[in-house]
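Asks: I'll drop the sequence and a predicted model, then ask my questions.
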Amino acid sequence: MDLNENRPTRRRGAELEAAILDAAWAQLAERGYSGLTFEAVADRAGTSRPVLYRRWPTRAELLQAAVEFHGDRQDTSSPDTGSLRGDLLAALRRSNDKRSDFLVLLSASLGEYYEETGRSPSDVREFLLGRHRLSIDVILDRAVARGEADPDRLTPLVRAVPYNLYRHEVMMSLHAVPDRTLEAIVDEVFLPLVTPRDE
């Protein structure tokens, strides 16, 4: 009988780092920044604290790495339903399904992190989004090409309206947003702002 048969495989490099960052993300989601301790993450990942310290000397660096790692695995494709309304609703529903918990975390669980580092929720959102082109930009460019949106009315502030309203709803309720509210954001607020006016 091979004595090594039941021994766990020693993880190294990218595999170990992924396991640690998955563990850090899960710990952050469950316990917030106050619960993001090196001991808890090491236990959850099945490794030791010195392994974490060698890669991320501070909790703040570990948080940033975990959020960036999670963001890199998010679906950032832009829905293409054939209409601006359909695309926006599909994108907002995906965010509601996949990211509302993260937005709650930004709002409710990272106060100590912001105080400790001088960072803001906007900074942490940038960690999540990374280098990805925003879905809303692709959606709006397609809408302009189809004649559904007036490019002159798509100022930076107007372009941000759907997701700014969505984030506000999540952060005020600390829950995912009802679908009827997503539809109201699109139909009652955004589309009237950007639809070309009749000459």
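Replies: Thanks, I have it.

Asks: quick one: Val158 and Leu193 touch, right?
Replies: Yes. Contact criterion CB atoms under 8 Å: Val158 and Leu193 qualify, at 5.5 Å. Every residue, glycine included, has its C-beta placed from N, CA and C.

Asks: state which helix of this protein is the longest.
Replies: helix 13-31 (DSSP state H).

Asks: that one - what's its average pLDDT?
Replies: Mean pLDDT, computed over helix 13-31, is 92.

Asks: what lies in contact with the lowest-mean-pLDDT helix or strand in the chain?
Replies: The helix or strand of the chain with the poorest confidence is helix 100-108; it has a mean of 80 (mean pLDDT, DSSP states H and E). With CB atoms under 8 Å, 6 or more residues apart in numbering as the test, helix 100-108 has contacts from 28-29, 32, 70, 121, 124-125, 128, 167, 170-171, 174-177.

Asks: just the CA atoms of whichever helix or strand comes after it, as PDB, please.
Replies: Remark: after helix 100-108, the chain's next helix or strand is helix 111-117, criterion DSSP states H and E. Extracted in PDB, the C-alpha atoms of helix 111-117 (Å, rounded to 0.1, in the frame of the first residue of the first chain):
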ATOM      1  CA  GLY A 111     -16.100  51.000   7.900                       C
ATOM      2  CA  GLU A 112     -13.000  49.900   9.800                       C
ATOM      3  CA  TYR A 113     -11.200  49.300   6.500                       C
ATOM      4  CA  TYR A 114     -12.100  52.800   5.200                       C
ATOM      5  CA  GLU A 115     -10.900  54.400   8.500                       C
ATOM      6  CA  GLU A 116      -7.700  52.400   8.600                       C
ATOM      7  CA  THR A 117      -6.700  53.000   5.000                       C
END
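
Asks: after helix 111-117, which helix or strand is next?
Replies: helix 121-129.

Asks: buried set for that following helix?
Replies: With burial defined by 16 or more other CB atoms under 10 Å, the residues of helix 121-129 counted as buried are 121, 124-125, 127-129.

Asks: quick one: which of these is nearest Trp56?
Replies: Phe127 (13.3 Å; CB to CB).

Asks: which non-adjacent residue is nearest the closest one?
Replies: Val67 (4.2 Å; CB to CB, 6 or more residues apart in numbering).
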